[in-house]
Every structure is written in C-alpha cells, then in structure tokens.
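> what's the 3D shape of this:
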Amino acid sequence: MTAKEIRQKYLDFFASKGHTIVPSAPMVIKNDPTLMFTNAGMNQFKDIFLGNSAPKFPRATDSQKCLRVSGKHNDLEAVGHDGRHHTMFEMLGNWSFGDYFKKEAIDWAWELLTEVYKIDKTKLYATVFEGSAEDGTTLDTEAREAWLRHMPEDHVLLGNKHDNFWEMGDTGPCGPCSEIHIDLRSDEEIAKKPGRELVNTDNDEVIEIWNIVFMQYNRKADGHLELLPNKNVDTGMGFERLCMVLQGKQSNYETDVFSGLIAKLGELSGHRYHEGGQVDVAMRVCADHIRAIAFSIADGQLPSNVKAGYVIRRILRRAVRYGYTFLGFTEPFLCRLVPQLVEDMGEAYPELKAQQKLIESVIREEENAFLRTLDRGIRMLEDNMARNQDTKRVSGTDAFVLYDTYGFPVDLTELIATEKGYTVDLEGFQAELQKQKERARAATSNEFGDWVEFHSGDEVEFIGYDFLRYEGARLLKQRTVKQKNKTLFQLVFDKTPFYAEMGGQVGDTGYVVSASGEKIAILNTVKENNLTIHLAEHLPEDGTESFDLYVDEERRGRIAANHTATHLVDQALREVLGTHVEQKGSFVGPDYFRFDFSHFAKMTDEEIRKVEAIVNERIRANYPLQEKRDATMDEAHAMGAIALFGEKYGDRVRVVRFGESVELCGGTHTGATGNIGYFRILSESAIAAGVRRIECVSGAAAEAVVNNMEDLLRTARGFFNNVPDLAGAIKKLVEENAEARKQLEEAAAEKAAQLAEAVSAKAEVVGGVKVAKFDLSVDPAMARNMALLLQKKAENLALVGAYVFAGKPNLLLMYSDDLVAKGKNAGKDIREAAKRIQGGGGGQSGLATAGGRDLDGLKAAMDCLTELATA
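Numbers count the residues shown, from 1 in each chain. Prediction:
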C-alpha cells in the first residue's frame with residue numbers, strides 16, 4: 001500500500017462515519033501569539049475546544065502538516081540519528097465536538113486498523129489512564145471496557161498521568177488519553193518477552209501509533225480540574241510511522257514517503273543510503289529537513305533572523321551543514337530536491353506545486369549564503385587555533401561566539417579542531433548555550449491568570465466594519481497576564497468595534513467607559529484563540545456594568561486608507577510586472593505600510609513610477625468600497641477574488657472590491673479610494689530570493705515626503721547660487737572631485753614609492769634576512785601601499801613598522817614572497833607583537849597590520865617583530 005493510498009483510506013474511512021474532511025491548516029501560524037507552528041492536528045480546532053467558537057460540523061477528519069522544532073516539542077537535534085524522529089510530519093486525525101465519545105472513537109480506531117489496514121490484532125496493545133490521586137481522578141473504566149470488547153485483558157494496560165493524560169498547556173482543556181501501540185518484533189522475540197512489558201519503554205520495535213484524547217476537563221490556573229460542558233474527542237496518528245508499519249519497513253525513512261528524496265540525494269552526491277555512519281544520518285537529515293523548509297516557504301514563512309523565520313533558517317542550515325560535511329556538497333543541493341518533493345506530495349498539497357519556483361529560489365539563495373558563512377567560519381576557527389597553539393584548545397566561549405554570532409555549528413567546530421589535534425571545551429559551550437536559553441526563556445515567559453467571567457453564552461461579535469463606537473457592551477471576561485516583566489490587562493466584550501491585529505493590519509486603540517463613568521484606555525487589540533482581546537491600562541472596578549466602546553477614529557481612518565492602498569498596489573504591481581506577482585506579506589499601520597511580493601528582479605525607476613501613477617489614478621477615480629461579507633469560496637472565485645497562499649480561510653469569506661481590484665480580506669477599509677488622497681513609494685528592496693518589498697505612504701504622510709523633497713532641492717540649489725540647471729551643476733562638481741581625487745591618489749602613490757625607496761635603502765641584514773624598519777608617522781593606508789610596492793619587487797626582505805598615527809600606536813609587517821614560501825607568516829607574528837601595545841591585529845601571510853592602546857610599548861613591539869622576522 002503506497003503512502004498516498006494510506007492517507008486516502010484514512011480520510012475515506014472517517015468520511016464514511018459522518019466526518020467532514022477538512023483541508024490541512026497552514027503549518028505556519030500567523031495569528032496566535034502562543035504558537036509559531038502547527039505542532040498537532042488539533043491546533044486548527046483549538047478555538048472550539050476552548051469554547052471561543054462554535055463548531056461548524058460535529059465531526060471532522062484531516063491530514064495535518066505539522067512542525068515540531070521549538071518549545072517542549074523540539075525534535076530537531078534528534079532528527080537523522082534514528083528512523084523515527086522528524087521536524088515536519090503529517091498527523092492523521094479525527095475529531096468529535098460534543099458528539100460521539102469514548103466507545104465510538106475506540107471502536108472505529110479498531111475497525112480501521114484491523115479491518116481496513118489489516119494489521120494483525122495480536123500485535124496491538126492499548127493503554128488507558130489509571131487515574132491520579134493528585135488531581136482527584138480515577139481509572140478510566142469507560143475506555144478500558146471499550147477496549148476489552150476488542151482485546152484480551154493482558155493487552156489493555158494502565159498508564160500514568162505522564163503517558164495517559166493529555167494537556168493543551170498549563171491551563172485549558174485536557175483529559176485522559178488512550179494510546180495504541182504495536183509490537184513489530186519477530187515471533188521469536190515476542191515468545192521470549194511479551195510486548196506488554198515493552199510498551200512505553202522507548203523500545204524501537206514496540207511503538208505508539210495512535211493517541212486518542214478524551215477532552216473532558218478544564219485545568220484552571222490554580223491546578224484544579226473542572227468538567228467541561230461538552231466532551232470532545234481529539235485523535236492523532238503519525239502518518240510516517242503508520243506507513244512504516246503497513247509497508248513492513250524498519251524505519252520511516254525506508255517508506256515511499258522518503259525513498260524518492262533519499263534516492264535523489266544519492267544521485268546528486270554519489271553516496272548510497274545504508275553506507276552507514278554519518279552518510280546515512282546526513283541523508284535522513286536532508287530528506288526530512290527539505291520538507292519542513294519547503295512547506296514553510298509555501299505557507300508564506302521565509303527564512304530570516306527572527307521568530308519563525310529564524311527556526312526555518314536554522315533547519316535549512318542544519319541540512320546544508322550535514323550535506324557539506326558528510327555528503328561532499330559544496331554547491332546548493334537542497335533546492336535540487338524540490339522537484340522530487342513536489343512529485344511526492346504535490347497532489348495532496350497543491351501549494352507546493354503552485355509555489356515551486358519561489359521555493360527553489362529562496363532555498364538556493366539561503367544555501368549560497370550559508371556556504372559562504374561556513375567558509376568564513378572555517379577561516380575564523382583557523383585563526384582561533386593559531387592564537388591558541390600553546391593550549392591546543394578552543395574555548396567554550398569562542399565556540400559559542402562562532403555558533404551564535406556567525407551560525408557556525410559546534411559539531412563542525414569540534415570536527416575541524418580534532419583533525420588539527422585540538423580539543424573544544426564543550427562543557428563551556430553548553431554553559432554559554434544554557435545561559436542564552438535562560439535569557440530567551442525569561443524574555444518570553446508568560447503567566448496567565450484565570451479568566452474571570454461576568455457574562456457567558458455569546459461569541460464575540462465584531463461590528464467595526466460599520467461602527468467605530470458601541471454603547472452598552474457587556475464585559476464577558478477579564479484576566480491579568482504577566483509578560484516580559486510587564487502586567488497586561490485583557491478585556492473581552494460581547495460586541496466590539498475594535499479591530500484586532502491580524503493579517504498584517506495593526507490593532508485598534510481607543511478607550512472604554514463604564515456605566516458609572518470609569519474611563520479606561522485601550523492600548524492595543526489582539527486576536528487570541530478567536531477572541532478579540534482588548535489590552536487595557538487597568539481592569540475595571542466593576543465588570544458587571546455595561547460599557548461604551550470608542551475606537552480612535554482618526555488613527556483608524558489612516559490605517560483603513562493605507563490598507564485600501566495595499567489592494568491598489570497589489571493590482572498595479574500585477575499590471576506593471578506581470579501576473580506572477582503574489583503578495584507574500586504586509587504591514588499596515590497608521591503612518592506607513594509595506595508590501596512584500598514575489599518578483600525575481602529589482603524594480604526599475606520607471607516601473608516604480610508606473611505603479612505610483614496607476615495607484616494615484618485610481619485614488620482620483622474615487623472607487624467606492626463594495627463588499628460581500630458572507631460569500632462562499634466558489635462565489636469569491638467567480639468574482640475574481642485573489643486569495644493568499646498560507647492563509648486559512650473559513651467556509652464563508654469577505655470579498656472586498658475597489659474598481660477592478662477584488663480580494664479576500666478581513667481588514668478594515670476606507671469608504672472610497674479618494675479618501676487615500678495621495679500615494680508614494682519610499683523604497684524598494686529584496687528581502688529574500690524572489691521576494692521584493694516596497695515601503696509606502698499615503699495621504700498627509702505622502703504629502704510630507706514631497707514637501708521634504710522640495711525643501712531638499714531648494715537647499716541644494718542654494719549651495720549652487722540657485723543655478724537653474726541643478727543636475728548639471730552637480731554633475732560638474734562630481735567630475736571635478738573625481739579629477740582632484742585622481743591627482744591626490746597619484747601624488748600619494750608617488751610619495752609611497754619615494755618612502756619605499758628611502759626605507760629599503762636603509763635595510764640591514766640580520767640573521768640572513770634583510771630587515772627594513774620605519775617609525776615615521778604616516779597614514780596607515782600609505783604605509784600599506786609602501787609595503788605592497790616593496791613586496792612586488794623585493795626578495796629576502798622583511799619590512800617592520802612601529803609608528804604613531806593620530807595619537808595611537810600602529811604596527812606593520814611585510815614578508816617578501818620568497819620568505820612566505822619558506823614558512824614566514826606575517827599575520828601570526830604581528831598578533832604576538834601586538835600584545836606589547838595592548839592591541840590586536842591580523843592579515844595574510846605576506847602582509848599584516850595591528851593597532852593598540854599603549855604608545856610606550858612601540859619599541860618592544862618593533863624589537864619583537866625584528867626578532868620574529870629573523871628567527
């Protein structure tokens with residue numbers, strides 16, 4: 001049975017049981033401050049489990065793409081070293097939202113595994129929760145009795161709170177779970193020791209394949225459990241592991257989920273899988289990581305140095321490092337795996353095929369950048385070892401700086417150091433790494449208080465498309481959150497005109513007023529677990545009162561105008577650059593906005609001018625806002641609406657039209673394009689391979705840009721006595737400056753030649769080497785030019801300089817090429833001499849320079865250089 005067939009049989013089975021098949025949510029999460037990546041199948045249903053959203057259907061099933069590389073679910077460093085760990089994986093799941101419960105979930109799991117997938121019943125075990133005295137819970141007899149209808153009693157095992165009680169977090173929905181394990185050992189091994197003794201013992205052949213969670217409790221902030229009003233079922237089965245079981249393989253990487261990628265790696269590298277050792281590890285790492293990288297880019301997350309982008313860059317660099325070190329790749333290779341990945345998974349996940357060109361381009365650029373980093377890191381490590389020849393040891397601090405600042409992996413540091421006869425202080429490195437983790441943990445630590453509820457029963461209704469104030473709102477709940485040493489106060493109302501930060505648009509600010517007259521400033525509005533949360537300066541004195549809500553109208557107006565401008569920009573870019581342009585991100589604030597889009601070349605000045613002209617023409621056309629707030633996806637597509645890859649849309653969507661611009665959008669907009677006033681592009685740049693960014697302003701901010709330009713031109717013209725032809729005057733000045741610079745350079749070269757002749761004429765033979773010394777106060781650049789001139793024609797010559805410039809000591813050491821060939825190294829020698837002036841330096845074998853702080857040490861430094869040069 002192929003992987004594609006296994007996935008489809010799962011979905012078809014639960015569809016036959018009344019489940020709605022839903023598409024996978026994006027792997028990259030954009031509107032949840034508690035998560036960067038989808039790490040479980042239930043993430044897209046979290047709002048339902050928390051009671052913040054009503055389910056659209058009572059039963060659901062899907063295959064969800066997940067990523068576990070951060071937080072407590074971090075498998076990154078284990079990936080490649082065995083056959084079962086992954087970064088990106090698929091989770092097959094089925095859910096009940098207050099519908100069926102334990103009996104049906106267990107019966108259907110048994111039916112699917114034994115009758116559809118034909119797994120040997122005698123090889124299966126189930127665990128059930130034994131209860132916890134700490135929480136006041138008892139044995140899950142309902143689940144145990146359900147399993148005993150299918151299995152003998154010695155195959156139904158009891159598990160503790162660690163293994164058989166699932167929790168979403170420190171607080172929130174939770175409940176007992178029932179795991180299904182399979183014994184993959186031979187009959188001979190099973191006869192020696194029954195599988196029940198190996199369940200949950202980390203045995204590689206007795207493994208968990210499915211977890212069925214029964215959400216029936218809510219964990220409060222003080223730790224106690226309350227029963228949920230609706231009982232839910234959340235199941236998750238690892239797709240890759242299931243394929244291993246059904247295809248009779250010993251490792252997930254031997255299944256057809258990975259075999260195509262591993263074969264391609266073998267073709268590109270010349271290595272074979274199962275060569276053994278680090279070659280096999282590297283192939284597993286690369287085959288796994290390319291999936292995580294490609295799916296993240298397809299979902300709109302580009303590699304970067306912050307947050308989710310940093311995680312993706314780290315995964316990519318780990319793959320490149322393994323390919324570089326153990327498979328011999330010195331050129332980009334991950335990008336060449338993308339066509340195979342699209343062939344394997346493009347049918348189930350069409351976003352891969354649609355974004356293939358962008359994915360390949362981004363990965364290629366990232367690989368090239370990291371290969372350059374590796375080269376630079378190797379040189380820095382060699383310099384470090386040269387400075388520590390006496391100890392033959394790389395300190396933990398130095399190894400950490402290479403890792404943290406320059407992205408150079410510590411295991412590669414250790415490998416290179418070992419080859420050169422050096423050791424690495426790994427304990428010191430781990431200590432520095434732990435300090436960094438503690439700093440990061442402290443910076444992101446949150447303490448959530450329990451919600452204090454005043455009213456219940458209604459979902460939050462956003463009325464901000466039509467109103468900027470609302471009278472008589474009810475405060476549903478409030479809580480206090482401690483975050484980064486700050487205390488935040490969160491308010492949730494039943495209705496609100498405040499727009500929550502989402503889709504690139506910033507949240508609204510304003511204030512609320514209680515019925516008794518208490519006024520509370522709203523500092524920001526965010527979306528969390530489908531709740532519109534108002535961040536307030538303090539909690540109200542009486543939460544049972546009604547409240548009047550007021551959005552900052554002037555600020556919202558500027559935000560709305562900028563958001564509408566992004567739609568006009570999107571359309572104009574497609575007209576000017578081509579229909580390949582797709583939005584890749586945006587930021588919409590009150591003062592400016594930025595727009596990221598796919599395009600493979602820098603925009604020309606003419607193209608920028610054309611985009612500005614089109615947008616301003618449509619502003620003057622004053623197209624009114626036309627919207628359909630409850631359109632189906634089919635209706636939206638029929639209207640020509642543009643959807644974004646990586647966005648999760650519901651069954652009903654909002655379509656926004658301004659003239660010919662039609663997009664799916666949940667943001668706030670101005671009533672007509674004329675309200676934007678005026679538009680200018682401030683800058684255009686690249687943020688990744690194939691992705692450009694423009695930063696723009698509109699309205700009064702755009703007028704200010706033009707005014708500043710006029711002021712600048714007026715000032716510049718004043719420098720030239722208000723000459724009519726300012727451009728001509730500037731050109732003439734540039735040409736005159738160029739001629740003057742040329743003359744100065746020629747004079748400097750002539751002076752350097754004269755100095756070289758004078759200094760070399762005074763050279764003395766010491767220890768068989770001609771040594772030319774100088775202590776004249778000269779510009780270091782001229783001293784370097786003098787050294788280069790001598791190096792070209794001199795033989796058996798060492799130029800030694802110890803001099804003062806701008807009040808600071810400087811050193812220079814040059815060896816002629818024949819001395820370098822005999823083993824002289826100016827870079828190494830000058831580092832030693834620089835200690836005499838409390839400084840440092842470096843350079844090449846033939847020429848090096850140094851600077852310092854101690855003028856009194858110049859003579860000692862000169863003597864040291866002379867001694868080293870003649871040794």
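
> switch to C-alpha atoms for all contacts and neighbour counts from now on
OK.

> my guess is Lys121 contacts Thr114. True?
Yes. Lys121 lies in contact with Thr114 (Cα atoms under 8 Å); the separation is 6.3 Å.

> tell me, what's touching those two both at once?
Shared contacts of Lys121 and Thr114, defined by Cα atoms under 8 Å, 6 or more residues apart in numbering, are absent.

> SS state for Thr418?
Under the three-state scheme (DSSP: H, G, I helix; E, B strand; the rest coil), Thr418 adopts helix.

> next, Lys249: secondary structure please.
Of the three states, Lys249 takes coil under three-state DSSP.

> and what of Val492?
strand.

> that one: how many residues sit nearby?
21 (other Cα atoms under 10 Å).

> surely Leu92 is in a strand?
Yes. When three-state DSSP is applied, Leu92 is found to be in a strand.

> and the residue lying closest to it once chain neighbours are set aside, what does it touch?
Spatial nearest neighbour of Leu92, excluding adjacent residues (Cα to Cα, 6 or more residues apart in numbering): Ser63 at 4.5 Å. Applying Cα under 8 Å, 6+ apart to Ser63 gives the contacts Arg7, Leu11, Pro23, Ser24, Gly41, Glu90, Met91, Leu92, Gly93.

> which among those count as buried?
In those, burial by neighbour count holds for Arg7, Leu11, Ser24, Gly41, Glu90, Met91, Leu92, Gly93, counting by 16 or more other Cα atoms under 10 Å.

> bridged to the fifth one, which residues?
Each beta-bridge partner of Glu90 is listed here: Lys65, as defined by DSSP bridges.

> gap between it and Phe239?
5 Å (Cα to Cα, to the nearest Å).

> equivalent analysis for the last one, please.
Applying Cα to Cα, one obtains 10 Å for the distance of Gly93 from Phe239.

> pull out the buried residues from stretch 221-238.
Leu225, Leu228, Lys231, Asn232, Val233, Asp234, Thr235, Gly236, Met237, Gly238.

> quick one: contacts of it?
So stretch 221-238 is contacted by 40-42, 49, 89-102, 105, 135, 170-171, 173, 209-220, 448-450 (Cα under 8 Å, 6+ apart).

> check for me that Leu139 belongs to a helix.
No. Assigned with three-state DSSP, Leu139 falls outside any helix and is coil.

> roughly how far does it sit from Gly159?
10 Å.

> so what sits against both of these two?
Val128, Phe129, Glu130.

> how about the residues you listed in TSV, adding pLDDT?
Shown next, in TSV, are those (pLDDT from 0 to 100):
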residue	pLDDT
Val128	97
Phe129	97
Glu130	96
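
> and of these, the nearest to Lys482?
Phe129 (33.6 Å; Cα to Cα).

> sec struct for the spatially most central residue of the chain, please.
When Cα atoms, centre = their mean is applied to the chain, the residue found nearest the centroid is Gly309 (1.7 Å). Assigned with three-state DSSP, Gly309 falls in the helix class.

> my guess is it meets Gly300, correct?
No. Using Cα under 8 Å, Gly309 is not in contact with Gly300; the gap is 10.0 Å.

> okay, Lys17 and Val213: tell me how far apart.
For Lys17 relative to Val213 (Cα to Cα), the value is 18 Å.

> more neighbours: which of the two?
The residue with more neighbours, out of Lys17 and Val213 and counting by other Cα under 10 Å, is Val213; that gives 25 against 12.

> that one: what's it in contact with?
Contacts of Val213 (Cα under 8 Å, 6+ apart): Trp166, Gly175, Pro176, Cys177, Ser178, Val233, Asp234, Thr235.

> hmm, try it at 6 Å
The contact partners of Val213, taken as Cα atoms under 6 Å, 6 or more residues apart in numbering, are Cys177, Val233, Asp234, Thr235.

> quick one: what helix or strand has it in it?
strand 206-219 (DSSP states H and E).

> tell me the strands beside that strand, with direction?
strand 172-183 (antiparallel), strand 225-238 (antiparallel).

> please pull up the helix or strand immediately following the last one.
Okay, so that is strand 225-238. Counting by DSSP H and E, the next helix or strand C-terminal to strand 225-238 is helix 239-246.

> what about stretch 742-757, average pLDDT?
Stretch 742-757 carries an average pLDDT of 91.

> how far does that stretch sit from the chain's center?
52 Å (Cα atoms, centre = their mean, to the nearest Å).

> contact partners of it?
For stretch 742-757, the surrounding residues in contact (Cα under 6 Å, 6+ apart) are Met782, Met786.

> just the CA coordinates of that stretch, formatted as CSV?
In CSV, the C-alpha atoms belonging to stretch 742-757 read as follows (Å, rounded to 0.1, in the frame of the first residue of the first chain):
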residue,chain,number,x,y,z
LYS,A,742,42.8,61.1,-9.1
GLN,A,743,45.5,63.7,-8.7
LEU,A,744,45.7,63.1,-5.0
GLU,A,745,46.0,59.3,-5.5
GLU,A,746,48.8,59.8,-8.0
ALA,A,747,50.6,62.1,-5.6
ALA,A,748,50.1,59.6,-2.7
ALA,A,749,51.4,56.7,-4.9
GLU,A,750,54.4,58.8,-5.8
LYS,A,751,55.0,59.6,-2.1
ALA,A,752,54.6,55.9,-1.2
ALA,A,753,57.2,55.0,-3.9
GLN,A,754,59.6,57.6,-2.5
LEU,A,755,59.1,56.3,1.0
ALA,A,756,59.6,52.7,-0.1
GLU,A,757,62.9,53.6,-1.8
